[in-house]
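>>> Dropping the sequence and predicted coords here.
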Amino acid sequence: MMKALIVDDSKVTRGLLQLYLNKLGVSDIEQVADGVEAFGKIKRKKFDIVFLDIGLPLVSGLEILRKIRSELAEESKDTHIIMCTGANDEASVREAIGHGVSGYLLKPFSMERLAEVLRIAATRKQNG
């Protein structure tokens with residue numbers, strides 16, 4: 001069973017993402033609204049996939065991504081991180097890719113796009 005964490009300051013986005021994930025067969029899902037809480041959860045629990053919004057309050061999603069990849073490198077090596085954003089920011093995309101994210105969702109996204117990102121992450125997991 002896949003364990004997922006949704007990190008987004010928008011309750012609507014978190015709810016929609018959870019609904020789509022449930023329809024795609026993912027049922028072990030946790031949600032948080034900020035990066036500080038997300039980092040704490042990732043430190044304490046192993047997730048297969050993390051959906052990380054770039055535009056978070058307090059600490060940006062990119063800052064959390066950097067922190068995960070540096071401070072929790074070993075613990076998070078098998079965790080797929082999918083960056084989510086409402087802004088088409090090429091610099092952020094490049095930086096996220098440089099930190100080894102498994103995918104990128106541009107809001108608003110469809111269930112089909114989410115399914116595609118999950119397929120890619122699953123393929124990468126199988127191929128090591």
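In hand now; what should we look at?

>>> Strands of this protein, start to end?
3-7, 28-32, 49-53, 80-85, 103-106 (DSSP state E).

>>> and the fourth one, C-alpha only, in CSV?
Extracted as CSV, the C-alpha positions of strand 80-85 are listed here (Å, rounded to 0.1, in the frame of the first residue of the first chain):
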residue,chain,number,x,y,z
HIS,A,80,9.1,10.3,-4.5
ILE,A,81,8.6,14.0,-4.3
ILE,A,82,6.1,15.6,-6.6
MET,A,83,6.3,19.4,-6.7
CYS,A,84,3.0,21.2,-7.0
THR,A,85,2.5,24.9,-7.9
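
>>> and the gap between residue 44 and residue 58?
19 Å (CB to CB, to the nearest Å). Glycine gets a C-beta too; all of them are placed from N, C-alpha and C.

>>> ranges for the helices of this structure?
In the chain, the helices defined using DSSP state H lie at 11-23, 35-44, 61-71, 90-98, 111-126.

>>> Centre-most residue in the chain?
Nearest residue to the geometric centre of the chain (CA atoms, centre = their mean): residue 51, 1.9 Å.

>>> what sits opposite that residue in the beta ladder?
residue 6, residue 82 (DSSP bridges).

>>> for it, what are its contacts?
By CB atoms under 8 Å, 6 or more residues apart in numbering, the residues touching residue 51 are 4, 5, 6, 7, 8, 17, 82, 84, 105.

>>> try 7 Å
Contact partners of residue 51, counting by CB atoms under 7 Å, 6 or more residues apart in numbering, are 4, 6, 7, 17, 82, 84.

>>> Need the CA coordinates for the worst-scoring helix or strand of the chain on mean pLDDT. PDB is fine.
Considering only helices and strands, the least confidently modelled element of the chain by mean pLDDT, DSSP states H and E is helix 90-98, at a mean of 75. As requested, C-alpha coordinates have been extracted for helix 90-98 and formatted as PDB (Å, rounded to 0.1, in the frame of the first residue of the first chain):
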ATOM      1  CA  GLU A  90      10.900  27.800 -14.900                       C
ATOM      2  CA  ALA A  91      13.600  28.500 -12.300                       C
ATOM      3  CA  SER A  92      11.700  26.600  -9.600                       C
ATOM      4  CA  VAL A  93      11.200  23.700 -11.900                       C
ATOM      5  CA  ARG A  94      14.900  23.500 -12.800                       C
ATOM      6  CA  GLU A  95      15.900  23.700  -9.100                       C
ATOM      7  CA  ALA A  96      13.300  21.000  -8.100                       C
ATOM      8  CA  ILE A  97      14.600  18.700 -10.900                       C
ATOM      9  CA  GLY A  98      18.100  19.300  -9.700                       C
END
